[in-house]
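**Q** quick one, what's the 3D model for this:
(chains A and B)
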2 protein chains.
Amino acid sequence: MTRSRAFLNLAVMLAAGVAAVPAWAAPGDPGRDKVVAAIHANHDATVERLRDWIKLPTIANMNINHREGAEYMRKLALDAGFQQARVVDSGGVPGVFATLDAGAKQTVAVYFMYDVKHYEPSEWTSPPLEGRIVDRPGEGKVMIGRGAVNQKGPETAFLAALHAFKAAGVKLPVNLVLVAEGEEEIGSPNFHNVVTQPDVRAALEKSVGVFIPSPNQAIDGNVSLLLGAKGVIEVQLVSSGEKWGRGPNKDIHSSLKANVDSPVWHLIKALNTLVAEDGQTPAIDGWFENVKPLTARQKELIAADVAASNEADDMKSLGIKHWYKNEDYLTASYRLASQPTVNIEGLVSGYTGPGGKTVLPGKAEAKLDLRLVPDMTKEEAVSKLKAHLAKRGFGDIEVIVSGGYSPTQTNENSALIKAEQATLAAAKIPMTMSARSAGSWPGVVFTGPPLNMAAGQFGAGRGGGAHAPDEWLLIDSTNPKTAGFDDQAVLYADFLYEVARAGR
Amino acid sequence: MTRSRAFLNLAVMLAAGVAAVPAWAAPGDPGRDKVVAAIHANHDATVERLRDWIKLPTIANMNINHREGAEYMRKLALDAGFQQARVVDSGGVPGVFATLDAGAKQTVAVYFMYDVKHYEPSEWTSPPLEGRIVDRPGEGKVMIGRGAVNQKGPETAFLAALHAFKAAGVKLPVNLVLVAEGEEEIGSPNFHNVVTQPDVRAALEKSVGVFIPSPNQAIDGNVSLLLGAKGVIEVQLVSSGEKWGRGPNKDIHSSLKANVDSPVWHLIKALNTLVAEDGQTPAIDGWFENVKPLTARQKELIAADVAASNEADDMKSLGIKHWYKNEDYLTASYRLASQPTVNIEGLVSGYTGPGGKTVLPGKAEAKLDLRLVPDMTKEEAVSKLKAHLAKRGFGDIEVIVSGGYSPTQTNENSALIKAEQATLAAAKIPMTMSARSAGSWPGVVFTGPPLNMAAGQFGAGRGGGAHAPDEWLLIDSTNPKTAGFDDQAVLYADFLYEVARAGR
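**A** Presented below is the predicted three-dimensional model:
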């Protein structure tokens, strides 16, 4: 569910006023020049590597390329220089665990997802599995393909850095741990089974932190550093005559409504209890019990972000005219970061075609996602939702949890975040910090117990269309402020030097 | 919307105990023997006429064969002996008006629908437009095809009676008026424009009543006579960010829910006000203002029907275990006939595929049908629904009325119903009377102002699958209690004699 960071992150410009043009200047690290030269020399091979990877989509909930995707991921790791890589049984789509011991003092972990969201080829202007390079006005040459930005593209940029160290004969300044999963798009339901395997856990615990390669760069060159993200549970609420024991167990003629109960109305009445009359404020029993208010520092980060942002642009991109309750931009931004939500993603029942059809449906489904903030947990949310429904006579409504995880938060003073900041500062890339994304990523697998590691998303470059048609990643930038594919890789190389330095 | 009468009609066995085997004996009318013989002689031609008609489906809301269907209907009337027939512009799909002046004292009108419900060929075991004859265990030979029972089959049986009079050289005992429409399946939105054309209205006003041919015979031979039917409005309620001016005007990422209003929740909150907490009782302002309680006679008819029916079978066919509020069968049957309803036919919003997808939809739609009882009217219902929503802050929700009509009721002592009863009694066919169908048919076009005529559905024979795959009509019955195609036609011939007699 890593996606659409441009508007999801609440970020603050930390380096406002620094040179807008990135200077990919060598920080003076041993061998760094040779590595950068190798990245450029390998450009075509890197593009081809991404294209080949895109050809093999792994889609968790469609049972597509589970084992094949894991094996491919394993091979990608070995090719990039990892000394050992193995496919790890997760109970679901397999994970991958790999290590690269450079004999260095510091170890950093990287998290990859090798699965992608499903796609509808007819909606694409370029075939989703071909990885064609096309011009994107204002950006440069981009690759179109499912996974281009979410997340094979940035992951390939990171691998390109490793290939360059290998090609240049330069020793890696840090040891690496790679953990990968093939179920990110369905909420990482089994990934904890991968990271808690004894050897995986031991390797992760040696690391200063874990990051997922992400091209978090805005069109003005700014890179956002994510300090936290809301948790989420995705649930389908299903009301049926069969489970309810009232109403029909199939669709019947609508005229019977007078003396037959309706599973659809049963669902509507249940849904109605989940939020207040404003259609917004969660009203599930005990929902706010563990909600922590924003800290002064988080509010400071959000306020700085708001000051540097454009409300009108933000509203325009969302297609809205007002924030909830007509709140001002700052209040609405505090709310976005701090409040749990109960969202309806979809409704489906009975006849769904054009016009009407006289049926009384035997079944109705609401698809919900509920965003969680610290210190709510996934387990707490699921059990409170079920208890709330049961208490009101809706205990028959099935609560199918299709994914989710607890919120994640990382200290901005951790060695991982400090190394990220130092890397961007050295490259003179403007930088912001996001107090908490309203979107979600499974960082809690790392930041929560038992690992309690620092975890973040990191990278330069641009892309878009995650989960949408024509997903793209910037390959050759025509905008001097934004990083092309090679520069994305160079930044990862520099980051590894910074991690090594941070530990000294 | 004429359909599934088996369980929609609340009928009372009037002739319980009469001979279960129909005796298609001549009531002694002039020329009747020759007419019956001609019906049998024409059997194959009649079957072929139905098959040919089925080949030309008119589907109102899919813009299929509007003009062609009307022209075909006109030709069918002329072929059957109507002296004049013309296509009548209705403002929508055209109507047809035809007259047959036999120089008789009495005139009766017949209402045809020439449109059919759409169909999905892949769901049929026999092609929906081929009219194949197949064996149906327990019934006999049946024709499979779209329109077989709803309503081309029974209409063709009536035409077969007219062809037989013509072939036998026997003068019709009554004059005939035919009015036909091609929009019954979408709620007859323009049919009033046909019947109120001066010449059509004048012809109808000379008639003792109007009936639609309907094979309303149960497997035990019983024929149900319909005295009334609920009205209905079909509406789609559409909530959108665009119309609301709040929330997004498109689907956006679900994480934005915290500070963006949701058109889906807006719809849920609106729906919630339409029925009481029981998910059943309409709660629209003023909804019961014009609801008339059942008369003592109607309750008597319903009670007799309940006494002759099997609750367990009824529940089984509906797939239910309890009536609303666990009411007993009689109370539930009173309720079915007497109470207006607010039914949800379908819900559709956002993501509707398997599992979930993290969107905040910009639009949500609920498809409703609201059944009306005397003296509610369609116009009243639409305006009260809109006023109710507007008063509660839901005035932005679009109320798209896709069809409907007011309730219909005909006096059981009218000449039309008396003639129907006499026809069945003479044929020794057991008979019931339905006080009010919970389903709906556009009888109010005739029973309401300005025509205020008697109107009903009439016929023997069996069929099923209206609006469903494998729609069928009984052609050759292996059950001595039920009428095959020829016997259906004979009953219509006898009915014309009875109408003539009723007026003497």
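
**Q** around the nearest residue to A:Ile54 once chain neighbours are set aside, how many other residues sit close by?
**A** Spatial nearest neighbour of A:Ile54, excluding adjacent residues (C-beta to C-beta, 6 or more residues apart in numbering or on different chains): A:Gly145 at 4.0 Å. No exception for glycine: its C-beta is placed from N, CA and C like everyone else's. By other C-beta atoms under 10 Å in any protein chain shown, 31 other residues sit near A:Gly145.

**Q** who's in contact with A:Gly145?
**A** By C-beta atoms under 8 Å, 6 or more residues apart in numbering or on different chains, A:Gly145 lies in contact with A:50-51, A:54, A:126, A:128-132, A:471-472.

**Q** please pick the buried ones from those.
**A** Buried by 16 or more other C-beta atoms under 10 Å in any protein chain shown: A:50-51, A:54, A:126, A:128-129, A:131, A:471-472, out of the contacts of A:Gly145.

**Q** tell me which of those is nearest to chain B?
**A** Nearest to chain B among the buried ones among the contacts of A:Gly145: A:Glu471, at 14.7 Å, using C-beta to the nearest C-beta.

**Q** and the closest one, how far is that from A:His43?
**A** Going from A:Glu471 to A:His43 by C-beta to C-beta, to the nearest Å gives 21 Å.

**Q** check A:Lys206 too.
**A** A:Lys206 sits 33 Å away from A:His43, going by C-beta to C-beta.

**Q** compare the two (neighbour count), which wins?
**A** A:His43 (16 against 13).

**Q** quick check: which element contains the spatially closest residue to the more buried one that is not a sequence neighbour?
**A** Sequence neighbours aside, A:Asp486 is the residue nearest to A:His43 in space, at 5.7 Å (criterion: C-beta to C-beta, 6+ apart). Using DSSP states H and E, the element containing A:Asp486 is helix A:485-502.

**Q** so how far is that helix off the chain centroid?
**A** Computed by C-alpha atoms, centre = their mean, to the nearest Å, the chain-centroid distance of helix A:485-502 equals 21 Å.

**Q** helices or strands up against that helix?
**A** helix A:32-41, helix A:43-54, helix A:152-168, helix A:415-426, strand A:472-477 (3 or more C-beta pairs under 8 Å, 6 or more residues apart in numbering or on different chains; DSSP states H and E).

**Q** helix A:43-54 and that one, what's the angle between them?
**A** Orientation check (axes from the mean of the first three to the mean of the last three C-alpha atoms, to 10 degrees): helix A:485-502 against helix A:43-54 gives 90 degrees.

**Q** mind saving the C-alpha coords of helix A:485-502 as CSV?
**A** What follows is helix A:485-502, C-alpha atoms only, in CSV (Å, rounded to 0.1, in the frame of the first residue of the first chain):
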residue,chain,number,x,y,z
PHE,A,485,17.4,6.5,-12.9
ASP,A,486,21.2,6.7,-12.6
ASP,A,487,21.0,9.6,-10.1
GLN,A,488,18.6,7.6,-8.0
ALA,A,489,21.2,4.8,-7.9
VAL,A,490,24.0,7.2,-7.1
LEU,A,491,22.0,8.5,-4.1
TYR,A,492,21.7,4.9,-2.8
ALA,A,493,25.4,4.5,-3.1
ASP,A,494,26.0,7.7,-1.2
PHE,A,495,23.5,6.6,1.4
LEU,A,496,25.5,3.4,2.1
TYR,A,497,28.6,5.6,2.6
GLU,A,498,26.6,7.8,5.0
VAL,A,499,25.3,4.8,7.0
ALA,A,500,28.9,3.6,7.3
ARG,A,501,29.9,7.1,8.5
ALA,A,502,27.0,7.4,10.9
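
**Q** my read: A:Pro293 touches A:Ala337, true?
**A** No - proximity of A:Pro293 to A:Ala337 does not meet the contact threshold set by C-beta atoms under 8 Å, at 10.6 Å.

**Q** can you classify A:Gly346 by secondary structure?
**A** strand (DSSP: H, G, I helix; E, B strand; the rest coil).

**Q** that one and B:Thr352 touch, don't they?
**A** Yes - counting by C-beta under 8 Å, A:Gly346 touches B:Thr352, with 5.2 Å between them.

**Q** who has more neighbours, the two?
**A** A:Gly346 (24 against 17).

**Q** give the contact list for the more buried one.
**A** A:365-367, B:349-352, B:356-357, B:359, B:361.

**Q** over to A:Ile268?
**A** B:268, B:271-272, B:279, B:344.

**Q** which helices and strands does the helix or strand that contains A:Asp313 pack with?
**A** Per DSSP H and E, A:Asp313 falls inside helix A:311-318. Secondary-structure packing of helix A:311-318 (3+ C-beta pairs under 8 Å, 6+ apart): helix A:5-8.

**Q** neighbours around A:Val36, how many?
**A** 22.

**Q** that one against A:Tyr497, yeah?
**A** No - A:Val36 lies out of contact with A:Tyr497 (C-beta under 8 Å); the separation is 11.3 Å.

**Q** and the contacts of A:Gly346, which of them are in strands?
**A** A:365-367, B:349-350, B:359 (DSSP state E).

**Q** looking at those residues, which is nearest A:Ala493?
**A** Nearest to A:Ala493 among these is B:Val359, at 37.2 Å by C-beta to C-beta.

**Q** now do the contacts for that closest one.
**A** Residues near B:Val359 by C-beta under 8 Å, 6+ apart: A:345-346, B:251-254, B:350-351.

**Q** do A:His40 as well
**A** Residues counted as contacts of A:His40 (C-beta under 8 Å, 6+ apart) are A:Asp486.

**Q** by mean pLDDT, flag the weakest helix or strand of chain A.
**A** Lowest mean confidence among the helices and strands of chain A (mean pLDDT, DSSP states H and E): strand A:11-13, at a mean of 27.

**Q** what does A:Ala98 show for phi and psi?
**A** A:Ala98 adopts backbone torsions of phi -140, psi 150, taken as degrees, to the nearest 10.

**Q** partners of it in the sheet?
**A** A:Ala98 has these beta-bridge partners by DSSP bridges: A:Ala85, A:Leu178.

**Q** now the contacts of B:Val359 in JSON lines, with distance to B:Ala381 and pLDDT?
**A** Putting the contacts of B:Val359 into JSON lines (distance: C-beta to C-beta, whole Å; pLDDT from 0 to 100) gives the following:
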{"residue": "A:Glu345", "distance to B:Ala381": "32", "pLDDT": "97"}
{"residue": "A:Gly346", "distance to B:Ala381": "29", "pLDDT": "98"}
{"residue": "B:Asp251", "distance to B:Ala381": "32", "pLDDT": "93"}
{"residue": "B:Ile252", "distance to B:Ala381": "35", "pLDDT": "93"}
{"residue": "B:His253", "distance to B:Ala381": "39", "pLDDT": "91"}
{"residue": "B:Ser254", "distance to B:Ala381": "36", "pLDDT": "94"}
{"residue": "B:Gly350", "distance to B:Ala381": "29", "pLDDT": "97"}
{"residue": "B:Tyr351", "distance to B:Ala381": "32", "pLDDT": "95"}
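
**Q** among those residues, who's most crowded?
**A** When neighbours are counted as other C-beta under 10 Å, the busiest of those turns out to be B:Ser254, with 31 neighbours.

**Q** now it: how far from B:Val210?
**A** From B:Ser254 over to B:Val210 (counting by C-beta to C-beta), the distance is 55 Å.

**Q** how about A:Val490?
**A** 85 Å.

**Q** could you do A:Ser434 as well?
**A** Between A:Ser434 and B:Val210 the computed distance is 72 Å (C-beta to C-beta).

**Q** ok, A:Met376 next?
**A** Applying C-beta to C-beta, the value for A:Met376 to B:Val210 is 66 Å.

**Q** next: A:Gln409.
**A** Taken as C-beta to C-beta, the span from A:Gln409 to B:Val210 is 74 Å.
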